[in-house]
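Participant: Sharing a sequence plus its predicted fold:
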Amino acid sequence: MAQLGTDKAIAKAFLEAGNVVGIPTETVYGLAGNALNPDAVLTIFRVKNRPSFDPLIVHTDSFDKLNQFVTTIPDRAYQLAETFWPGPLTLLLPKRSLIPDLVTAGLPSVAVRIPNHPLTLDLLRSLDFPLAAPSANPFGYISPTTAQHVADQLGDQVPYILDGGPAGVGIESTIIGFDDNEATVFRLGGMALEQIEAIIGPVSVRTHSTSNPKAPGMLSSHYAPRKPLILLPAGTTPEPGKRIGALAFREPFGGIHTDNQRILSPTGDLNEAAKNLFAHLRALDNLPVDIIYAEPLPNEGLGWAMNDRLRRASVQD
Ligand code: TXA
Ligand code: MG
């Protein structure tokens, strides 16, 4: 079983030996390995049971290091990075050959971000290689927002999980690319669109793809619990029933046992809701219920990203 702890030196030693380690970030926990070591990268794919066509995000701690991995940083990418890093924003940038093709699934661009978590930033500073890190969940399942979530699902395959407490943002990073100097969001996430557009102006959003996805986070069925999840039309309520689980925004639903309900934010705060989303979905998935009903969130701020995750969670394979 994985050891949980806060000892950066242990994490460093495992990573330097080519092993994978669970790491905290402000968005979700990552399953990290040396991005420059193809064997470590293969281990990430194997542990997650992730298809090799799904590329990984590379995490680093400084622009200096970033320049070793990418050939150019377009102006708007630079503006965003300067404003929001460290933070929940991933940029797609043209890669240098130092980054193995395995990491990008053969794509010419590499996804990079500087995460905002003190333990992980410290760890990254102490390493002389960047960390490839997908969310630390089995492929297709809900992302982990605590060290214990990682231990519960991948604990027997990961020697060490750096425990940085519950993730502060709670939803994966927003992914943005700059093809032909056009800024396109490929995954809605922890950095709100409004904030991005305030810096670089309007961006296009292309988060749906059914075949050959640019980002498998774009696959229609993803981020899903094992139980069927129904995303309710706005303003409707679930049918009452005994073995029904419910994920509500502010107020519990009537007719459903309170034990089977989770409230995302009693005060209606979308940031608090995002922080709770995956832990609550996981908790509902583990309750003795047959089906989970979820209420859509207001389409503003992190509400867009949460509705995207709920929509994908509601699609059954
Ligand atoms: O918040 C996050 O981004 C977390 C933490 C750990 O940093 N990581 C994360 O990684 O969510 P993952 O692997 O679960 O999701 C990364 C998404 C995938 O949908 C992948 O297809 C896409 O990013 N991606 C990675 N590299 C890409 C590339 N070069 N081009 C297009 N999409 C890419
Ligand atoms: Mg993921």
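Facilitator: It's in. Ligands and ions are numbered 1, 2, ... in the order given.
Participant: so residue 244 makes contact with residue 289?
Facilitator: Yes: at 6.0 Å, residue 244 and residue 289 qualify as touching, with contact defined as Cβ atoms under 8 Å. In short, each C-beta sits where N, CA and C put it, glycine included.
Participant: So for those two, which residues contact both of them?
Facilitator: Contact criterion Cβ atoms under 8 Å, 6 or more residues apart in numbering; residues shared by residue 244 and residue 289: residue 260.
Participant: How about the contacts made by the residue lying closest to residue 48 once chain neighbours are set aside?
Facilitator: Excluding its sequence neighbours, the residue lying closest to residue 48 (Cβ to Cβ, 6 or more residues apart in numbering) is residue 139, at 5.3 Å. Residue 139 is in contact with 48-51, 54, counting by Cβ under 8 Å, 6+ apart.
Participant: again, only this time at 10 Å
Facilitator: 45, 48-51, 54, 216, 222 (Cβ atoms under 10 Å, 6 or more residues apart in numbering).
Participant: next one: residue 182
Facilitator: 76, 203-204.
Participant: what does residue 7 give?
Facilitator: Contacts of residue 7 were listed using Cβ under 10 Å, 6+ apart, and they are 13, 119, 160, 162-163.
Participant: Return the closest of those with respect to residue 236.
Facilitator: Looking at the contacts of residue 7 and their distance to residue 236, the nearest is residue 163, at 39.6 Å (Cβ to Cβ).
Participant: pretty sure that closest one is touching residue 22, no?
Facilitator: Yes: shown here, residue 163 and residue 22 form a contact pair, counting by Cβ atoms under 10 Å, at 8.4 Å.
Participant: between these two, what contacts are shared?
Facilitator: 4, 29, 147, 150-151.
Participant: So which of those residues belong to helices?
Facilitator: Helix and strand membership here follows DSSP state H; of the shared contacts of residue 163 and residue 22, those in helices are 147, 150-151.
Participant: who wins for neighbours among those?
Facilitator: Neighbours here mean other Cβ atoms under 10 Å. Within these, the largest count is held by residue 150, at 29 neighbours.
Participant: Would you quantify the distance from that residue to residue 193?
Facilitator: Look at residue 150 and residue 193: by Cβ to Cβ, to the nearest Å, they are 29 Å apart.
Participant: Also residue 242?
Facilitator: Taking Cβ to Cβ as the measure, residue 242 and residue 193 are separated by 40 Å.
Participant: So for those two, which residue has more residues nearby?
Facilitator: residue 193 (20 against 10).
Participant: In which helix or strand does the closest residue to the more buried one other than its chain neighbours reside?
Facilitator: Counting by Cβ to Cβ, 6+ apart, the nearest residue to residue 193 once its immediate chain neighbours are dropped is residue 304, at 6.3 Å. Assessed by DSSP states H and E, residue 304 sits inside helix 303-313.
Participant: and that helix with ligand 1, contact?
Facilitator: No: against ligand 1, helix 303-313 shows no contacts by Cβ under 6 Å from any ligand atom, the least distance being 10.7 Å.
Participant: about what we covered before: from the shared contacts of residue 163 and residue 22, pick the one nearest residue 187.
Facilitator: Checking these against residue 187 by Cβ to Cβ gives residue 29 as the nearest, at 17.3 Å.
Participant: so who does that closest one touch?
Facilitator: Taking Cβ under 10 Å, 6+ apart, we find residue 29 in contact with 22-23, 117, 120, 133, 135-137, 143-151, 154, 161-164, 166-167.
Participant: In helices, which of the residues you listed fall?
Facilitator: Using DSSP H, the contacts of residue 29 in helices are 120, 147-151, 154.
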